[in-house]
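1. What shape does this take:
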Amino acid sequence: MNKNFYDLEVLTLQEKRVSMADYRGKTVIVVNTASKCGLTPQFEGLEKLYQKYKDRGLVILGFPCNQFANQEPGSASDIQEFCQLNYGVTFPMFAKVDVNGPTADPLFVYLKSKLGSIFGSKIKWNFNKFVIDKNGKPVKRFSPFTKPEKMESFLEKIL
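-> Numbers count the residues shown, from 1 in each chain. Have a look, this model is predicted:
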């Protein structure tokens, strides 16, 4: 098991390896996303948060996931095009991952182990939002139903 957030690596939509250490000193929101979900309009709120706070050190990392009702069936290029055309997403989007089960991405295994929820460590749906502070410590988990704008007062305190 990785000891901290900065030890983890992920793949971008273009299949380039990225280390979470690249985000050292930033406040990070990791979110599992889907293009065909009732919560998909949260992309708009996430992008607004990103635009408002990126100059203060906020970064949002989107991870498409097809584990919930087949709501992210597209290819990497489909996902990128959808996010940019429909929601103007400029924050980094990563390769499609599993967030639960034996094939869960190590990033989500780590975050769930640090920030359980009322459901235990399992992720129940798309748009779970994990906040990691600028020291790499996971500090808060927001439910899929928490709109991004409802996270602002918390972010204001830690940015």
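2. so where is the protein shaky, pLDDT-wise?
-> Residues of the chain meeting the criterion pLDDT under 70: 1-2, 117-120.
3. Okay, strands next: where are they in the chain?
-> Here the chain has its strands, by DSSP state E, at 9-11, 17-19, 27-33, 58-64, 129-132, 138-142.
4. and of these, who's closest to residue 107?
-> Nearest to residue 107 among the strands of the chain is strand 9-11 (5.7 Å), distances taken as C-beta to C-beta. For the C-beta atoms, the positions are set from N, CA and C on the backbone; glycine is no exception.
5. rewinding a little: now the strands of the chain in TSV, with distance to residue 116 and mean neighbour count?
-> Shown next, in TSV, are the strands of the chain (distance: least, C-beta to C-beta, whole Å; neighbours: other C-beta atoms under 10 Å):
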stretch	distance to residue 116	mean neighbour count
strand 9-11	21	16
strand 17-19	25	12
strand 27-33	15	24
strand 58-64	19	22
strand 129-132	11	23
strand 138-142	8	18
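6. so which of the ones you listed gets nearest residue 78?
-> Residue 78 lies closest, by C-beta to C-beta, to one member of those: strand 58-64, at 9.6 Å.
7. Could I get the contacting residues of the residue minimising distance to the centre of the chain?
-> Centroid-nearest residue in the chain, with C-alpha atoms, centre = their mean: residue 31, separated by 1.9 Å. Contacts for residue 31 were tallied using C-beta atoms under 8 Å, 6 or more residues apart in numbering; they are 46, 60-63, 127-130.
8. Pick out whichever of those residues sits closest to residue 18.
-> Closest to residue 18, out of all of the contacts of residue 31 and judged by C-beta to C-beta, is residue 61, at 8.9 Å.
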